[in-house]
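Engineer: Whatever this is, show me its structure:
(one chain, ligands or ions: 2)
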Amino acid sequence: MKTLITGIPKAELHLHIEGTLEPAMMLSIGKRNGLALPFPDVETAQKAYDFEDLQSFLDIYYKGASVLLHEQDFYDLTMAYLKKAVSQNVRHTEIFFDPQTHTSRGVAFETVLDGITNALRDGEKTFGISTKLIMCILRHLSEKEGLETLERSLDYRDRIAGIGLDSSETGNPPEKFAELYERARGAGFLTVAHAGEEGHADYIWQALKTLHVRRIDHGVHCMEDDTLVEELVRQQIPLTVCPLSNIKLHVFASMRDHNLKTMLRRGLLVTVNSDDPAYFGGYVNENYLAVQKALRLEPGEIVTLAKNSFRASFLPEEQKKLRLLEMERWISKHNPT
Ligand code: HPA
Ligand code: ZN
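Structural biologist: Ligands and ions are numbered 1, 2, ... in the order given. Prediction:
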């Protein structure tokens, strides 16, 4: 089972680049930039990563991101993640970034974007991994501020594939961003949104019906509403589920209580992802391993999850077929269980 999980080619579709900032890198970049460090050492940082809920995590995540100032910082962060992803047999990754987290501190939009996209370009060339970049809007801020950020991104349509929505979910429903999503779609962006992580099924309905998103990030609360599940299955709307994140943020009491297996068995297009791996205790393979163990997923279900990761991606259909063929070849060669 371990060979299957670690070796099978896969895509990652829910990954915040700021959430890959490992404590050691946070401290070294902070020192390099001559900043007062968010934590004195790695151990203190790790001890602080004991969250009660989404908000308590976000408070620490924004504090960590405050060490990122220069293009090189964003480059190093992104390159380190790509190396890790490649080592876990991730062949394609769709990466979120949060420009408002940085522009609010006086870092230029271009500094963030150039650092990330130069690393994506170099990583694609060096490791053969393919990537897409999704710009997330912070939902705790106003739609007006989000619209200003969307406006900034229009000059970089060639480097940004999609628009997403993250940060504090409760009290910031998808419909708050109806105009922004309409504009984003009009400008040709693909759209996704975090919905149903802490928020309830009605937030997922809003993401579908008001924002018209192509994919739901998290979405685990869909199971409260049978009609919603039927709709998600009928339209095969992908859900980017992040098991370790859900446990760390107490969305489920324990991994054994996670509903991923039930979701799969209902025919939902579920994928497994790491969300913020530096904060939640593991990258994508650790997420597969933890959820497999707790829910006793069968080999066929692991293969389905890996296939779903390509099917749910924003790769062109031709590319999806090639990735799935590569996976079939890997399976017949290794015959793993
Ligand atoms: N949810 C909402 N916002 C976030 C997350 C998340 O899991 N990770 C980083 N920003
Ligand atoms: Zn997320």
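
Engineer: can I get the CA coordinates of the helix or strand of the chain with the lowest mean pLDDT in PDB?
Structural biologist: Ranking every helix and strand in the chain by mean pLDDT, DSSP states H and E puts helix 42-48 at the bottom, with a mean of 93. Below are the C-alpha coordinates for helix 42-48, written out as PDB (Å, rounded to 0.1, in the frame of the first residue of the first chain):
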ATOM      1  CA  VAL A  42      11.800  25.800  15.100                       C
ATOM      2  CA  GLU A  43      10.600  24.000  18.200                       C
ATOM      3  CA  THR A  44       8.600  27.100  19.400                       C
ATOM      4  CA  ALA A  45       7.100  27.400  16.000                       C
ATOM      5  CA  GLN A  46       6.000  23.800  15.900                       C
ATOM      6  CA  LYS A  47       4.500  24.000  19.400                       C
ATOM      7  CA  ALA A  48       2.500  27.000  18.300                       C
END
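
Engineer: C-alpha coordinates for the helix or strand following it, PDB please?
Structural biologist: The first helix or strand that comes after helix 42-48 along the chain, using DSSP states H and E, is helix 54-65. C-alpha atoms of helix 54-65 as PDB (Å, rounded to 0.1, in the frame of the first residue of the first chain):
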ATOM      1  CA  LEU A  54      -9.500  27.800  11.000                       C
ATOM      2  CA  GLN A  55      -9.100  31.300  12.400                       C
ATOM      3  CA  SER A  56      -6.500  30.300  15.000                       C
ATOM      4  CA  PHE A  57      -4.500  28.800  12.200                       C
ATOM      5  CA  LEU A  58      -4.900  31.800   9.900                       C
ATOM      6  CA  ASP A  59      -3.600  34.100  12.600                       C
ATOM      7  CA  ILE A  60      -0.300  32.100  12.700                       C
ATOM      8  CA  TYR A  61      -0.200  31.600   8.900                       C
ATOM      9  CA  TYR A  62      -0.300  35.300   8.200                       C
ATOM     10  CA  LYS A  63       2.300  35.900  10.900                       C
ATOM     11  CA  GLY A  64       4.600  33.400   9.300                       C
ATOM     12  CA  ALA A  65       4.100  34.900   5.800                       C
END
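
Engineer: for the residue in the chain positioned nearest to ligand 1, what are its contacts?
Structural biologist: Per Cβ to the nearest ligand atom, Asp166 is where the chain lies closest to ligand 1, at 3.5 Å. For every residue, glycine as well, the C-beta is placed using N, CA and C. Asp166 makes contact with 16, 96, 98, 136-139, 194, 217, according to Cβ atoms under 8 Å, 6 or more residues apart in numbering.
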